[in-house]
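Visitor: test case, fold it:
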Amino acid sequence: MNPQSLLLILASTGVVTIVAGFLEERFKRRNLSGHLAFAGTALAFALSFKLEPGTYNLAPGAPLPAAELRVDPLSKFLGALFLAVFLAAIAHSFSYMREEGDSGYYTLTVLMASGLVGALFSNDLFTFFCFWELASVSGYALVGYRWWYWEPAEAAFKYLLACTVGALTTLYAASLLYGVAGTTNLDALRTALSQVGGSRAFAAVTALLIVGLGTTAAVVPFHTWLPDAHPAAPSPISAVLSGVVVNVPLYMLARLLLTVLPRETGVSYALLALGSLSSIVGNAAALVQLDAKRFLAYSTIANVGYMLVGLGACYRAEAAGAAGVAVDALTGVFVQLVNHAVSKSLLFLCVGNAVRETGSRLFTSLEGYGRRMPATGALSLVALLNLAGIPPAAGYYGKALITAGLAYNLQDPAALAALAALEANFALAAGYYAYFAFRAFRERGRALREAPLSMLAPEAALAAFVAASSVYPSLLVEGVRAGVKALLGSP
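Guide: Okay, here's the model as predicted:
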């Protein structure tokens with residue numbers, strides 16, 4: 001099984017949902033396009049487990065250097081995870097979007113999934129750019145889906161502007177690499193650049209890549225689009241933004257810095273500084289939010305910061321020759337990525353249940369929803385405990401491994417400062433997740449109806465993954481560790 005098949009299935013599903021949209025209007029069939037989108041995404045998800053590691057040429061025999069996809073154990077796992085998040089978002093949308101109509105909604109969602117999966121598997125920077133643009137344009141339309149209100153229209157424009165700037169900055173870095181090596185293929189770049197060695201030019205390219213990919217990942221100070229996009233988008237799309245969109249560029253950044261580009265002095269310190277700044281700004285801003293979805297958006301920025309700090313710790317350990325520590329740190333990054341992707345998507349969907357009933361995103365209107373909507377409340381609690389990283393929740397292990405990667409050499413003042421900032425932010429985040437739970441379950445609150453089964457079922461599936469990962473954490477941690485070793489080429 002190759003990744004082209006997944007992309008073909010998703011692209012075909014997008015075309016089919018367009019036709020289904022016309023049939024819905026003609027025959028008054030509701031959710032026809034939604035069910036077809038769900039079926040196509042479910043097929044892609046099921047087949048993702050059969051992907052075979054290797055590189056795949058998208059256009060064999062082409063006269064120009066052809067685009068290439070690459071499957072390894074880590075990207076295979078992340079691809080299945082991201083498709084699962086899209087699957088949950090589509091299923092949740094059946095009821096959530098019922099009153100608003102779904103003209104084009106499911107087509108855009110499937111095309112966004114196709115772009116993000118293609119970007120994840122890209123083994124060529126220009127290919128990554130093309131797939132990322134597909135995801136960005138689709139995401140722009142989905143964030144601004146309620147275009148008749150000013151908030152979604154403004155948020156969509158900010159999202160498109162940020163993604164465009166980030167993608168063009170990444171493309172400019174790719175053009176500089178092409179000028180040096182004559183290729184944008186990652187494997188060919190690794191070989192060519194290893195013979196050139198480090199230079200100031202490569203330091204500039206590295207900086208451009210951190211800025212470009214960091215913008216699309218909402219790294220502070222390039223984060224300002226995300227707190228606007230999350231609240232304005234429909235809740236299922238907010239789940240995708242937090243669970244998938246910010247994670248794909250982080251994965252590509254890790255691949256480029258750790259497996260392609262020459263090592264540059266100071267890169268690890270830049271990653272530690274930007275990660276610490278993101279975690280501090282994200283958590284501090286979350287504390288003062290009155291809008292629940294905006295609160296969750298800022299906590300996403302903080303989590304991106306944790307992962308960037310872990311990436312810096314891995315980069316630092318690799319440069320020092322501590323391969324085992326590097327593997328542990330990067331394992332922590334991707335364990336944290338998986339837990340955050342699933343738990344934050346789950347929490348956005350649960351909050352979407354309450355927002356749908358109350359018609360408001362304000363905490364004052366949502367207070368007590370956990371009591372009034374017990375199933376939604378219980379699922380929210382699963383997500384909150386995992387995000388807080390309280391043992392034995394699986395969310396603890398990613399944070400612990402990142403911490404271990406930083407604590408490898410405390411004689412470095414920068415690493416010690418990053419470790420202190422990280423631990424303080426972990427404690428702060430655990431506190432405000434507890435406060436979120438308190439407000440969700442306090443006595444006050446309106447009389448609300450429980451969400452329908454079509455909304456609860458995908459949330460329960462995500463919660464089941466969290467529960468299984470918490471009961472058997474070694475399956476998650478060791479599975480990710482194996483993928484990380486393959487990525488880094490460690491024995």
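Visitor: was I right about residue 264 contacting residue 202?
Guide: Yes: contact criterion CB atoms under 8 Å: residue 264 and residue 202 qualify, at 6.2 Å. For glycine as for every other residue, the C-beta is placed from the backbone atoms N, C-alpha and C.
Visitor: list the buried residues in the lowest-mean-pLDDT helix or strand in the chain.
Guide: For the chain, the helix or strand with the lowest mean confidence is helix 3-27, at a mean of 73 (criterion: mean pLDDT, DSSP states H and E). Using 16 or more other CB atoms under 10 Å as the test for burial, helix 3-27 gives 3, 5-7, 9-11, 13-14, 16-17, 20-21, 24.
Visitor: on the three-state scheme, residue 221 is what?
Guide: coil (DSSP: H, G, I helix; E, B strand; the rest coil).
Visitor: ok, it - contacts?
Guide: The neighbours of residue 221, taking CB atoms under 8 Å, 6 or more residues apart in numbering as the test, are residue 277.
Visitor: against residue 2, how distant is it?
Guide: Distance, residue 221 to residue 2, by CB to CB, to the nearest Å: 39 Å.
Visitor: could you do residue 321 as well?
Guide: Counting by CB to CB - residue 321 and residue 2 are separated by 36 Å.
Visitor: same drill for these two, tell me which one is more crowded.
Guide: residue 2 (18 against 8; other CB atoms under 10 Å).
Visitor: wait, doesn't that one sit right on residue 52?
Guide: Yes: using CB under 8 Å, residue 2 is in contact with residue 52, at 6.9 Å.
Visitor: count residues in the vicinity of residue 179, would you?
Guide: Residue 179 has 9 nearby residues by other CB under 10 Å.
Visitor: surely it forms part of a helix?
Guide: Yes: counting by three-state DSSP, residue 179 is part of a helix.
Visitor: how close does it sit to residue 69?
Guide: From residue 179 to residue 69 the distance is 24 Å (CB to CB).
Visitor: local confidence estimate at residue 101?
Guide: For residue 101, the pLDDT comes out at 59.
Visitor: number of nearby residues for residue 150?
Guide: As a burial measure, residue 150 scores 9 neighbours (other CB under 10 Å).
Visitor: next one: it from residue 194, what distance?
Guide: 52 Å.
Visitor: and for residue 439?
Guide: Applying CB to CB to residue 439 and residue 194 gives a distance of 54 Å.
Visitor: more neighbours: the two, which one.
Guide: Comparing residue 439 with residue 194 by other CB under 10 Å, the one with more neighbours is residue 439, at 17 against 11.
Visitor: so how far is the host helix or strand of that one off the chain centroid?
Guide: Element membership for residue 439, per DSSP states H and E: helix 413-441. Put simply, helix 413-441 sits 20 Å off its chain's centre (CA atoms, centre = their mean, to the nearest Å).
Visitor: now stretch 167-186
Guide: Stretch 167-186 has its C-alpha centroid displaced from the chain centroid by 24 Å (CA atoms, centre = their mean).
Visitor: do stretch 319-335 as well
Guide: On CA atoms, centre = their mean, the centre of stretch 319-335 falls 20 Å from the chain's centre.
Visitor: in that stretch, what's buried?
Guide: Buried residues in stretch 319-335 (16+ other CB under 10 Å): 322, 325, 326, 327, 328, 329, 330, 331, 332, 333, 334, 335.
Visitor: output these in TSV; the columns should cover pLDDT, secondary structure and distance to residue 388.
Guide: Formatted as TSV, the buried residues of stretch 319-335 follow (pLDDT from 0 to 100; DSSP: H, G, I helix; E, B strand; the rest coil; distance: CB to CB, whole Å):
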residue	pLDDT	secondary structure	distance to residue 388
322	81	coil	30
325	88	helix	26
326	89	helix	27
327	91	helix	26
328	91	helix	22
329	91	helix	21
330	93	helix	23
331	94	helix	20
332	93	helix	16
333	94	helix	19
334	94	helix	19
335	94	helix	15
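Visitor: so which of these is the closest to residue 112?
Guide: residue 334 (22.1 Å; CB to CB).
Visitor: touching both of residue 2 and residue 52, which residues are there?
Guide: Common neighbours of residue 2 and residue 52 (CB under 8 Å, 6+ apart) are residue 71.
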